[in-house]
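> sequence and predicted structure, then a few things I'm wondering about:
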Amino acid sequence: MRRLTLVFLLVLLMVTAGCRPKTTRYQAEFLGLFDTVTTIIGYAESKEEFTALARQVQEQLAKYHRLFDIYHNYEGVNNLKTINDHAGVAPVKVDREIIALLLFAKAQYYATGGAVNIALGPVLKIWHDYRTQGILDPHAAEVPPRHLLVEAARYTTLEGLIIDEAAATVYLPDARMRLDVGAVAKGFAVERVARQLEAEGVSSLLLSVGGNIRAIGGKPDGKGVAPWKIGIKNPDPESPVPQLCNVLIRGEAVVSSGVYERYYTVDGTRYHHIIDPHTLMPADYFTSVTVISRDSGLADALSTALFILPLETGLELVEGLDGVEALWVTDSGEVISSAGFSAYLEEQSW
Ligand code: ADP
Ligand code: MG
């Protein structure tokens with residue numbers, strides 16, 4: 001009897017394997033979310049099937065985009081801008097996903113010794129305004145005056161942020177406080193969407209929001225499943241090699257922070273967008289940092305934090321975390337990685 005069951009099971013397995021429908025690789029790209037390009041790659045039996053899934057992903061990401069937007073209002077939505085606009089005025093009732101993001105960001109603030117601080121808004125706004133102006137009119141580009149940055153830094157204490165979880169309200173008690181979730185929101189949103197898709201049974205997809213990459217499973221490859229191959233960008237614009245290396249992932253996130261993303265130039269010097277809360281200036285140890293982790297929210301927060309922290313502090317932080325690996329490119333072009341990073345490297349891609 002037992003033998004019979006086994007034979008039957010084997011036959012059934014063979015039939016299912018033999019009947020597996022052929023899938024084709026599809027890719028969708030769209031703009032307008034998180035101020036960057038979103039790319040979705042997947043394998044489906046038909047274009048229609050893939051398009052329907054891509055639309056669903058787009059809609060879900062758009063919901064997070066509206067909630068986490070600090071620049072625009074949306075009718076009927078209390079978002080991060082609403083919280084900022086009500087600083088010093090009143091608590092704002094918000095969607096539970098905003099509460100989740102803020103609690104996550106607060107935890108990351110403590111975990112990174114304050115390197116990632118979403119209450120750094122007043123300082124980041126000054127850099128944002130000077131950068132925007134400097135890009136519009138490069139000849140008149142200026143570095144923000146020190147006294148402006150120092151004055152703004154007085155209103156950046158994250159401890160001041162009041163989150164009432166029971167009431168689902170958020171309050172910035174000083175009118176000069178501002179939240180900026182640029183360092184964490186994309187990764188957090190991508191993770192939430194990926195988990196939702198996984199819960200719905202999606203077993204293979206690759207999401208990228210401006211290079212914030214999160215894989216669901218691997219990719220179909222003939223009879224089995226192969227890892228996704230992700231190229232890590234070379235931060236040196238002068239190098240003839242556009243990629244540092246390739247990493248192979250199944251279900252992990254890969255997130256990079258780099259000087260090449262957003263910057264402007266004053267008198268030949270580049271000023272990028274990741275600001276060290278201690279110096280109030282762009283962090284200058286590295287030209288890029290890449291983090292691999294199963295959680296894209298964590299990878300995003302850490303890539304920003306590791307970009308700011310000295311190498312020894314960052315290495316210690318990463319080695320103390322389970323399932324997190326990182327790759328640093330120093331200002332002088334040296335490439336350093338955490339102990340387990342090489343396990344993700346495509347052979348001979350180094
Ligand atoms: P990107 O979003 O461009 O891929 P990051 O994830 O590193 O890169 O986030 C950079 C953004 O985070 C900046 O544009 C700014 O809005 C914000 N930011 C910069 N420095 C800090 C900091 N020390 N703490 C928190 N947020 C920061
Ligand atoms: Mg980040």
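Perfect, thanks for sending it. Numbers count the residues shown, from 1 in each chain. Ligands and ions are numbered 1, 2, ... in the order given.
> pull up the residues of the stretch 101-250 of the chain that are close to ligand 1.
Residues of the stretch 101-250 of the chain lying close to ligand 1 (Cβ under 6 Å from any ligand atom) are 116-118, 120, 124, 180, 182-183, 186, 210. The way it works is simple: take the backbone N, C-alpha and C, and place the C-beta from them, glycine included.
> please redo it, this time with the cut-off set to 5 Å
The stretch 101-250 of the chain has residues 116-117, 120, 124, 180, 182-183 near ligand 1, with proximity defined as Cβ under 5 Å from any ligand atom.
> next secondary structure element downstream of the least confident helix or strand in the chain by mean pLDDT?
Lowest by mean pLDDT, DSSP states H and E among the helices and strands of the chain is helix 2-19, with a mean of 43. Moving toward the C-terminus from helix 2-19, the next helix or strand (DSSP states H and E) is strand 24-33.
> tell me the contacts of Tyr43?
Residues in contact with Tyr43 (Cβ atoms under 8 Å, 6 or more residues apart in numbering) are 23-26, 204, 219-220.
> that one sits in which helix or strand?
Here Tyr43, judged by DSSP H and E, is contained in strand 36-44.
> in its sheet, what does that strand sit against?
strand 24-33 (antiparallel), strand 205-209 (antiparallel) (DSSP bridges).
> residues contacting the first one, please?
Pointing back at strand 24-33 there. For strand 24-33, using Cβ under 8 Å, 6+ apart, the contacting residues are 37-45, 47, 50-51, 54, 58, 61-62, 65, 209, 219.
> so which of those are also by ligand 2?
Cross-checking the contacts of strand 24-33 against ligand 2 (Cβ under 5 Å from the ion) gives no overlapping residues.
> how many neighbours does Arg25 have?
Arg25: 11 surrounding residues under other Cβ atoms under 10 Å.
> from this protein, which residue is nearest to ligand 1?
Residue nearest to ligand 1 within the chain: Gly182 (2.5 Å; Cβ to the nearest ligand atom).
> what sits against that residue?
By Cβ under 8 Å, 6+ apart, the residues touching Gly182 are 70, 124, 273.
> domain parsing for the protein?
The record's domain parsing of the chain by automatic domain parsing lists 1-70+185-211, 80-171, 227-350.
> least reliable of those going by mean pLDDT?
If you rank the domains of the chain by mean pLDDT, domain 1-70+185-211 sits at the bottom with a mean of 85.
> gap between Glu346 and Leu101?
In this view, Glu346 and Leu101 are 33 Å apart by Cβ to Cβ, to the nearest Å.
> sorry, back to before: check the residues of the stretch 101-250 of the chain next to ligand 1 against ligand 2, which are close?
The subset of these within reach of ligand 2, by Cβ under 5 Å from the ion, is Ala183.
> now the residues of the stretch 101-250 of the chain next to ligand 1: which count as buried?
The neighbour count (16 or more other Cβ atoms under 10 Å) marks 116-117, 120, 124, 180, 182-183 as buried among those.
> tally of neighbours for the nearest residue to Tyr71 once chain neighbours are set aside?
When the adjacent residues along the chain are set aside, Tyr71 lies closest to Lys81, with 6.5 Å between them (Cβ to Cβ, 6 or more residues apart in numbering). Neighbours of Lys81 under the rule other Cβ under 10 Å: 19.
> interface residues of the protein facing ligand 2?
183, 300, 303-304.
> show me what contacts the residue nearest to Tyr71?
If you count contacts by Cβ under 8 Å, 6+ apart, Lys81 has them with 69-73.
> quick check: buried residues in the helix or strand hosting it?
Assigned by DSSP H and E, Lys81 falls within helix 80-85. By neighbour count with 16+ other Cβ under 10 Å, helix 80-85 contains the buried residues 80-84.
> quick one: contacts of the following helix or strand past it?
Towards the C-terminus, the helix or strand next in line after helix 80-85, according to DSSP H and E, is strand 92-93. Residues from elsewhere that reach strand 92-93, judged by Cβ under 8 Å, 6+ apart: 78, 82-83, 86, 167-171.
> pull the most distant pair out of those.
Farthest pair in these (Cβ to Cβ) is Thr82 and Ala167. Separation: 15.3 Å.
> on the three-state scheme, the residue nearest in space to the middle of the chain is what?
For the chain, the residue sitting closest to the mean C-alpha position, by Cα atoms, centre = their mean, is Gly187 at 3.0 Å. In three-state terms, and counting by DSSP: H, G, I helix; E, B strand; the rest coil, Gly187 is helix.
> name the nearest residue to it, sequence neighbours excluded.
Asp300 (2.4 Å).
> what helix or strand is that neighbour located in?
Per DSSP H and E: helix 296-308 holds Asp300.
> just confirm yes or no for that helix near ligand 1.
Yes: Helix 296-308 is in contact with ligand 1 by Cβ under 5 Å from any ligand atom, via Thr304.
> output that helix as PDB, restricted to C-alpha atoms.
Provided in PDB are the C-alpha atoms of helix 296-308 (Å, rounded to 0.1, in the frame of the first residue of the first chain):
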ATOM      1  CA  SER A 296      14.100  46.100   2.000                       C
ATOM      2  CA  GLY A 297      13.100  48.600   4.600                       C
ATOM      3  CA  LEU A 298      16.100  47.700   6.700                       C
ATOM      4  CA  ALA A 299      18.400  47.600   3.700                       C
ATOM      5  CA  ASP A 300      17.300  51.200   2.800                       C
ATOM      6  CA  ALA A 301      17.700  52.600   6.300                       C
ATOM      7  CA  LEU A 302      21.100  50.800   6.700                       C
ATOM      8  CA  SER A 303      22.400  51.900   3.300                       C
ATOM      9  CA  THR A 304      21.900  55.500   4.300                       C
ATOM     10  CA  ALA A 305      23.300  55.000   7.800                       C
ATOM     11  CA  LEU A 306      26.400  53.100   6.600                       C
ATOM     12  CA  PHE A 307      27.000  55.800   4.200                       C
ATOM     13  CA  ILE A 308      27.300  58.300   7.100                       C
END
